[in-house]
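Visitor: The sequence and its predicted three-dimensional model are supplied below.
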Amino acid sequence: MRRVTYLGYSSLLLLLGALSTGCQTVTPAVAVPPPATPLTDAMMVRDASSHRASSYDHTGGNVDWVIVKPGETKSFAEIAGAGCIKHFYWTYIIEKEETRKHLFRDLILRMYWDGETAASVESPIGDFFGISNATPRPIKSLGLVVNPGADSNDLSWGLNSYFPMPFAKGARIEVTNEGPVDLGIWYHIDYETYPTPPAWMNTAGRFHAQFRHERTKAYAAPKGANSDGKENYTILEATGRGSLAGYVLGVDNISGGWWGEGDDMVFIDGETWPPSFHGTGSEEIFGGGACPNVEYSGPYTGFHLVENREGDKWFGKNAMYRLFVNDPIRFDKSIRVTIEHGHADDQGNDYSSVAFWYQNEPHATFAPLPAKDERAPYVYGTDPCIEGAIEAERLLKTAEHSKDPAQGIRFPGTWSNARFLFFIANAPDDFITLRVPVESDGEYDISLYLAKASDFGVFQLKVDGKDVGAPFDAYNGAGGESPTHVVRAENVPFGSLKLPAGEHTFEFRVVGKNDRATNYYMGIDCILLKRK
């Protein structure tokens, strides 16, 4: 009894003390949320059950893969009730490169939420996991992870998606083999289910992903400016309310050279140009330095595929990703995600992409998935050469020139062996000398295939130190490719000359420039020696 009395008395004294302070108030405690880290979810004890759908051998054996035959659709998961997919993994072991290409682009992944009949996810399975143009590379991002198998070769890679995929009434995941061969894969789909849809499910958008593909065309924008974005490559068009979570972009650079300079333009809720989300170039989107030609991968950005085919910077297959999981792009009515193909869409290359986003259902009808042959990766063959041509760029190893650089480059347009020798001359008397082989003694007609542009100069051809033909003015100020109007001058005659068998020096020396030309550059496609 004394104890109760004492406590009551003490409480009274405290209350009186608080009242006597007058200006002081008692601030109620603020509820503290859990720490916001990627590891937080594991410490939260909640009403959820963990499950896995997988390809394990139901007989207890070790045949832990599934075979999807040509034309067959196979269910990977059928889940009832409310839940959320947390991790999707699959792998393969395929020795033949041609079969692997069918696996990545011909096996179509589709996902359906809450009993819908139109898939919310539709993509070739390789592209969905970041394998662009059927060419695997490691990815170390928060949303997608691609890990090598034995010896880091292409026989087997492990592919992972960590995008959360919630559903309130059920989920269905299936794959369809649109290719000509049996395709076998191992897979895990890790998910949890809930007794009833949790409160957060009411505001969570459903996960969506869509594959797109287009062979873009070089577009001659007026004055080299893009003021509407209409010719851009489209990565995503969606209607409804949601947020962009990221995308993987593949660029098969057929034309050669730096394919970028493409600004991203995201048009939100029907806005016109300029959009509220406008970038400054391809490398900036994906977090790299200027014109990346080395591969890298990080939590949110990466240039994970840079082929540099045949030693040419940027030529061949390129792939990159940008995840907006930390800074999603919100939209209330619609979103159109685009990117320029070259500055002001001035380059034609092979583009493909998979966009990832969340939105409230129903979603708009997807554009039809490109047909199997249409979405097949571009196949590089032997580039056509002019019959009998001596390719100038192949003579660079023994070439001599003034201090300015010379290189073989790929450039939009038609060139023998798909490239030409580009010499950055900057003043009169700059020169490049090529050692040209002649098989047998004789008199030869000499003709050249040359590049012309608004920044090219005038040169004199010298063979073994003697002037041959008239000076050639390589200025061109209209039409052609790129803002400098690059065109090819074909079969330009330089006269006849007796040449004994062996190597001869062909010197190209700058002697001036057209009054309208902006520089003294030079481009040599190939040399033709026709015996008379």
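Guide: Happy to help now that I have it.

Visitor: Show the pLDDT at the residue nearest to Gly205 when sequence neighbours are not counted.
Guide: Excluding its sequence neighbours, the residue lying closest to Gly205 (CB to CB, 6 or more residues apart in numbering) is Tyr358, at 3.2 Å. Using the backbone N, CA and C atoms, a C-beta is placed for each residue, glycine as well. Tyr358 carries a pLDDT value of 98.

Visitor: what's the answer for Lys397, then?
Guide: pLDDT, Lys397: 89.

Visitor: tally of neighbours for Arg435?
Guide: Around Arg435 there are 14 other residues, counting by other CB atoms under 10 Å.

Visitor: One more: Val325?
Guide: Neighbours around Val325, by other CB under 10 Å: 17.

Visitor: Distance of it relative to Ser243?
Guide: Separation of Val325 from Ser243 (CB to CB, to the nearest Å): 10 Å.

Visitor: likewise Val266?
Guide: Using CB to CB, Val266 is found at 12 Å from Ser243.

Visitor: Make sure Val145 is indeed in a strand.
Guide: Yes. Under DSSP: H, G, I helix; E, B strand; the rest coil, Val145 falls within a strand.

Visitor: could you list every residue that touches it?
Guide: By CB atoms under 8 Å, 6 or more residues apart in numbering, the residues touching Val145 are 139, 159-160, 162.

Visitor: for the particular helix or strand that has Phe303 in it, packing partners?
Guide: Element membership for Phe303 (DSSP states H and E) is strand 301-306. On a contact count with 3 or more CB pairs under 8 Å, 6 or more residues apart in numbering; DSSP states H and E, strand 301-306 meets strand 139-140, strand 296-297, strand 316-323.

Visitor: same thing but at 6 Å, please
Guide: If contacts are counted by 3 or more CB pairs under 6 Å, 6 or more residues apart in numbering; DSSP states H and E, strand 301-306 sits against strand 296-297, strand 316-323.

Visitor: highest average neighbour count across those strands?
Guide: Across the helices and strands packed on strand 301-306, averaging neighbours per residue (mean count of other CB atoms under 10 Å) puts strand 316-323 on top, at a mean of 25.

Visitor: Adjacent strands (with direction) for that one?
Guide: The pairing partners recorded for strand 316-323 under DSSP bridges are strand 242-253 (antiparallel), strand 301-306 (antiparallel).

Visitor: what sits up against that strand?
Guide: Strand 316-323 has contacts (CB atoms under 6 Å, 6 or more residues apart in numbering) with 132-133, 135, 141, 143, 246, 248-253, 285-286, 300-307, 309.

Visitor: Need phi/psi at the closest residue to Gly512 other than its chain neighbours.
Guide: In space, and not counting its chain neighbours, Gly512 is closest to Val458: 4.7 Å by CB to CB, 6+ apart. Here is the backbone geometry of Val458 (degrees, to the nearest 10): phi -110, psi 130.

Visitor: do the same with the one 5 residues further on
Guide: When quoted as degrees, to the nearest 10, the phi and psi of Val463 stand at phi -110, psi 120.

Visitor: buried ones in the strand holding Phe303?
Guide: For strand 301-306, a neighbour-count test (16 or more other CB atoms under 10 Å) marks 301-306 as buried.

Visitor: still on that earlier bit, in terms of neighbours, single out the busier of Val266 and Ser243.
Guide: In this view Val266 and Ser243 are compared by other CB under 10 Å, and Val266 has more residues nearby, 21 against 16.

Visitor: Report the secondary structure state of the more buried one.
Guide: Classification of Val266 by three-state DSSP places it in strand.

Visitor: For it, give its distance to Gly502.
Guide: Using CB to CB, we find Val266 at a distance of 61 Å from Gly502.

Visitor: what about the helices in the stretch 151-300 of the chain?
Guide: If DSSP state H, counting those that start in this stretch is used as the criterion, the helices of the stretch 151-300 of the chain fall at 282-285.
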